[in-house]
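A.B. asks: any chance you could fold what I've pasted below:
(one chain, ligands or ions: 1)
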Amino acid sequence: MAVPLFDPTRQHEILRAPLEEAFRRVLASGQYILGREVEAFEAEMADWLGVAGSVGVSSGTDALLVSLLAAGIGPGDEVLVPAFTFFASASCIRRVGAEPVFVDICPACFLLRPEDARARQTDRTRAILPVHLFGQAADMGHLLALAAEHDLTVIEDAAQSLGARHRDTQTGTLGDYGAFSFFPTKNLGGLGDGGLLVARNAEDLERARVLRVHGMQPKYHHRHLGGNFRLDALQAALLRVKLPYLGESLAARRHHALAYAEELAAEPGVLRPETPSPGTCPCRSGPCLPGEEEARLVLPFRYPDREGAWNQFTLRVPGEGHRDDLARHLRERGIGTEIYYPRTLPGQPCFSAENRGPYPGADRAARECLSLPLYPELREEERHEVVAAVRDWLRS
Ligand SMILES: Cc1ncc(COP(=O)(O)O)c(C=O)c1O
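C.D. replies: Down below sits the predicted model:
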């Protein structure tokens, strides 16, 4: 049985009638950019996240860019950002003229290591940009404390973590700014590009709203150098159809993720990282986990006090060439996988100037990570097929 990495058409088929109705409503309205649909979506998202307001923008990348612009970050400033994440987390820093300073990650949870952030902080550091990678909250307790000590702006990249919590609080709403993405593979996936930004402070949110339309306020009066970061009415209307099902979708993601972990942990050679105490990273600040030398697969570590949103289910496959071998084995069985991400950011040619390595945790993740199919409409028998194929590889 073939199992696609991702198939958005399954959810859209279920919601076909209300999606078509939303399309007809926008078509008839004559208002295609911002306007009533976007305002209603912003209010519904703010409500869902438990914040006072939000600003719909053209993509998750633009949500990050507008946050940096609104925070006034620019030339001469340094911003701490993980060495292992999607490109946009760091490219936006460079695009506003500031310098990304890469911080290593833990190879068990794939999240930025606060102690490395602290070590790389200088008197030029203006902000920290934690990424809640693969749908798990970064260590916000330590990062917010570091930010408070040095008066840093905190911009959370919550593109992959809509619905994830840090203790009781939604990721993206803990720092000064939070950036969300509605790229189709995300937890709330659009039918095109879209993003959203929240801010702790009402004035910052208002500045972001003005920056979204060329920094224009009032009309044709440009106080700030903004851009066209607007969200389409059609995208907002379609996302409004999907938002009421987000809770259900997140529960389905969690169900599949926990089932993958249970089913795979039962196999010999599979390491399930454990932590000595809740809230403490199991990697104990090193690039390897205890017991990793004998492991053929390492399951993703989840913190008990952080409810995950499981945008991905990402394994590590230690050993030279073993990750690619498993990916090939699954491909031959018709099972889709993806490598998020095959290269660290300091290893990207456009960031060579910012490479202040070493980054042993990030290097290891880039060499060994492999994501399995995980989305709400994945069928039980498809997940069993994936587990059986991994099991065959483990026994081969
Ligand atoms: C961690 C992370 N940051 C930022 C982005 C950018 O979002 P978008 O694709 O909506 O611009 C993404 C999405 O791909 C992401 O995964």
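
A.B. asks: SS state for residue 329?
C.D. replies: helix (DSSP: H, G, I helix; E, B strand; the rest coil).

A.B. asks: tell me, how many residues neighbour the closest residue to it other than its chain neighbours?
C.D. replies: Nearest residue to residue 329, sequence neighbours excluded (C-beta to C-beta, 6 or more residues apart in numbering): residue 393, at 4.7 Å. Backbone N, C-alpha and C define where each C-beta goes, glycine included. If you count neighbours by other C-beta atoms under 10 Å, residue 393 ends up with 19.

A.B. asks: what residues are up against residue 393?
C.D. replies: 325-326, 329-330 (C-beta atoms under 8 Å, 6 or more residues apart in numbering).

A.B. asks: and these, which are buried?
C.D. replies: Neighbour-count burial (16 or more other C-beta atoms under 10 Å) applied to the contacts of residue 393 gives 326, 329-330.

A.B. asks: show the overlap between those residues and what lies near the ligand.
C.D. replies: When contact is defined as C-beta under 6 Å from any ligand atom, the buried ones among the contacts of residue 393 do not meet the ligand at all.

A.B. asks: reformat those residues as TSV; add pLDDT.
C.D. replies: TSV is the format used below for these (pLDDT from 0 to 100):
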residue	pLDDT
326	98
329	98
330	98
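
A.B. asks: save those as a markdown table, and put in distance to residue 210 too.
C.D. replies: Listed next are the buried ones among the contacts of residue 393 as a markdown table, based on distance: C-beta to C-beta, whole Å:
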| residue | distance to residue 210 |
| --- | --- |
| 326 | 49 |
| 329 | 52 |
| 330 | 48 |
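
A.B. asks: from the chain's centroid, how far away is the helix or strand encompassing residue 92?
C.D. replies: Following DSSP states H and E, one finds residue 92 within helix 88-95. Computed by C-alpha atoms, centre = their mean, to the nearest Å, the chain-centroid distance of helix 88-95 equals 15 Å.

A.B. asks: pull out the buried positions in it.
C.D. replies: 88-93.

A.B. asks: next one: stretch 249-264
C.D. replies: Buried residues in stretch 249-264 (16+ other C-beta under 10 Å): 249-250, 252-254, 256-257, 260-261, 263-264.

A.B. asks: with stretch 43-53 instead?
C.D. replies: So, applying 16+ other C-beta under 10 Å, buried residues of stretch 43-53: 44-46, 48-49, 51, 53.

A.B. asks: nearest to the ligand among those residues?
C.D. replies: Using C-beta to the nearest ligand atom, residue 45 comes nearest to the ligand of the buried residues of stretch 43-53, at 14.5 Å.

A.B. asks: is the closest one in a helix, a strand, or coil?
C.D. replies: helix.

A.B. asks: is it true that it touches residue 244?
C.D. replies: No: using C-beta atoms under 8 Å, residue 45 makes no contact with residue 244, being 12.0 Å away.

A.B. asks: picking that back up, next secondary structure element downstream of the helix holding residue 92?
C.D. replies: strand 99-103.

A.B. asks: who does that next one pair up with?
C.D. replies: strand 78-82 (parallel) (DSSP bridges).

A.B. asks: give me the angle between the strand it pairs with and helix 88-95.
C.D. replies: Angle of strand 78-82 versus helix 88-95, following axes from the mean of the first three to the mean of the last three C-alpha atoms, to 10 degrees, is 160 degrees.

A.B. asks: report whether strand 78-82 contacts the ligand.
C.D. replies: No: Strand 78-82 is not in contact with the ligand by C-beta under 6 Å from any ligand atom; minimum separation 9.2 Å.

A.B. asks: can you list contacts of that strand?
C.D. replies: For strand 78-82, using C-beta under 8 Å, 6+ apart, the contacting residues are 68, 73, 89-90, 93, 98-105, 111-112, 117, 120-122, 124-131, 133, 152, 155, 345, 362.

A.B. asks: show me the contacts for the residue of the stretch 51-200 of the chain found nearest the ligand.
C.D. replies: Residue nearest to the ligand within the stretch 51-200 of the chain (C-beta to the nearest ligand atom): residue 60, separated by 2.5 Å. Each residue near residue 60 by C-beta under 8 Å, 6+ apart is listed here: 88, 157, 159, 179-183, 186, 195.
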